[in-house]
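S.K.: Below: sequence and its predicted model.
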Amino acid sequence: MKHFLTATFAAMAISSTTLAQDETPQIMVLGTFHFTGGGADYINPEVDDYLAATRQAEIEALVDALAQFNPTKIVVELLPEAEEGFNADYQRYLAGDHQLTVNERQQIGMRLAARLGHDRLFAADYRSGMDFDAMMAAGGEYDQGHLMARLGALQTTMAAWEREVNRPDVSVSTRLRTVNTPEMLSLHNVYLTLAQLGSADNPVGAQNMANWWGRNLHIFAQIGQLSEPGDRILVIYGSGHKFLFDQFFQDAVEFDWVDVLDYIPAE
């Protein structure tokens with residue numbers, strides 16, 4: 001039996017290697033800021049006018065660069081039940097009856113899909129709540145000043161960074177390169193700070209972070225479920241999700257992860 005199992009696992013490893021070389025789906029995650037600003041994120045910046053002529057030219061240049069990846073599918077941050085309506089707008093855009101709204105799903109996703117001749121885009125998202133007020137209240141109740149101080153310092157740092165990169169002379173590609181760098185993605189560790197808020201009897205932080213990790217795992221699974229052999233999938237998603245998405249797709253043997261920094265223009 002031992003020799004049978006060894007041979008079986010060896011055969012599986014060979015099969016997996018062959019798939020990886022020939023047809024394993026490639027996944028590339030573009031972490032974005034929200035072109036419309038605001039939202040339900042922990043930090044919600046003000047943004048420039050991305051319909052202005054200069055910004056539109058920058059978005060076109062970005063799309064030109066992303067097209068070099070030649071994705072076969074484009075996934076956007078959208079609940080699956082909204083996919084049909086989104087694609088109806090996309091079909092109207094292709095027909096010249098819809099102008100792209102100020103949203104990265106349309107400005108980047110639809111524009112790139114049209115450039116590549118895709119007939120549709122794909123939606124992936126999963127909702128699970130995150131109660132920041134309850135976590136902050138727990139931090140005060142349980143005298144967790146060191147954690148609260150770290151959260152406050154991060155908000156100050158990020159607000160200053162947002163003001164810097166949202167200047168008119170900072171291009172869309174430059175800002176996107178920045179939010180996709182390992183240095184910026186490492187700030188995801190703030191969620192581990194949040195996880196500690198509360199107590200053993202009232203683990204409000206851990207419960208909320210379980211929702212966060214779970215949400216991202218659900219989205220990962222949705223993307224995996226729509227993948228097919230030979231696919232090159234571009235995922236356009238809020239940058240707060242990219243750390244976990246990259247981790248999941250790098251760890252999952254069913255995918256080859258592609259670094260988006262190889263496709264965002266350096267300016």
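M.R.: Done, it's in.

S.K.: ranges for the helices of this structure?
M.R.: 2-22, 53-66, 83-94, 104, 111-116, 132-141, 145-165, 172-179, 182-185, 190-195, 204-226, 242-251 (DSSP state H).

S.K.: CSV for those helices, including distance to Trp257 and mean pLDDT?
M.R.: (Each C-beta comes from the backbone N, C-alpha and C, glycine too.) Formatted as CSV, the helices of the chain follow (distance: least, C-beta to C-beta, whole Å; pLDDT from 0 to 100):
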stretch, distance to Trp257, mean pLDDT
helix 2-22, 11, 49
helix 53-66, 16, 96
helix 83-94, 24, 98
helix 104, 21, 95
helix 111-116, 19, 98
helix 132-141, 30, 96
helix 145-165, 25, 90
helix 172-179, 18, 94
helix 182-185, 13, 93
helix 190-195, 21, 96
helix 204-226, 12, 98
helix 242-251, 5, 98
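
S.K.: deepest of those helices, which one?
M.R.: Neighbour counts (mean count of other C-beta atoms under 10 Å) averaged over each of the helices of the chain peak at helix 104, with a mean of 23.

S.K.: What are the contacting residues of that helix?
M.R.: With contact meaning C-beta atoms under 8 Å, 6 or more residues apart in numbering, helix 104 is reached by Thr32, Phe33, His34, Phe35, Ile236.

S.K.: Of the helices of the chain, which is nearest Ile74?
M.R.: helix 111-116 (5.2 Å; C-beta to C-beta).

S.K.: which residues sit against that closest one?
M.R.: Under C-beta under 8 Å, 6+ apart, the answer for helix 111-116 is 59-60, 63, 66-67, 70-71, 74, 90, 93-94, 100, 120-121, 234.

S.K.: What of stretch 79-86?
M.R.: Contacts of stretch 79-86 (C-beta under 8 Å, 6+ apart): Val76, Leu78, Arg105, Leu121, Phe122, Ala123, Ala124, Asp125, Tyr126, Arg127, Gln222.

S.K.: Isn't the fourth one up against Tyr90?
M.R.: Yes. With contact defined as C-beta atoms under 8 Å, Leu121 reaches Tyr90; the gap is 6.2 Å.

S.K.: Need the residues touching each of the two.
M.R.: Joint contacts of Leu121 and Tyr90 (C-beta under 8 Å, 6+ apart) are Met110, Ala113.

S.K.: re the thing from before, I'd like the helices of the chain as a markdown table, with distance to Leu261 appended.
M.R.: Output for those, formatted as a markdown table (distance: least, C-beta to C-beta, whole Å):
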| stretch | distance to Leu261 |
| --- | --- |
| helix 2-22 | 22 |
| helix 53-66 | 11 |
| helix 83-94 | 27 |
| helix 104 | 18 |
| helix 111-116 | 17 |
| helix 132-141 | 30 |
| helix 145-165 | 16 |
| helix 172-179 | 7 |
| helix 182-185 | 9 |
| helix 190-195 | 22 |
| helix 204-226 | 20 |
| helix 242-251 | 11 |
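
S.K.: and of these, who's closest to Asp262?
M.R.: helix 53-66 (9.6 Å).

S.K.: And the closest one, what does it pack against?
M.R.: Helices and strands touching helix 53-66, by 3 or more C-beta pairs under 8 Å, 6 or more residues apart in numbering; DSSP states H and E, are helix 111-116, helix 172-179.

S.K.: Out of the ones you listed, which is closest to Ala138?
M.R.: Using C-beta to C-beta, the nearest of those to Ala138 is helix 172-179, at 29.1 Å.

S.K.: Brilliant, that's me finished.
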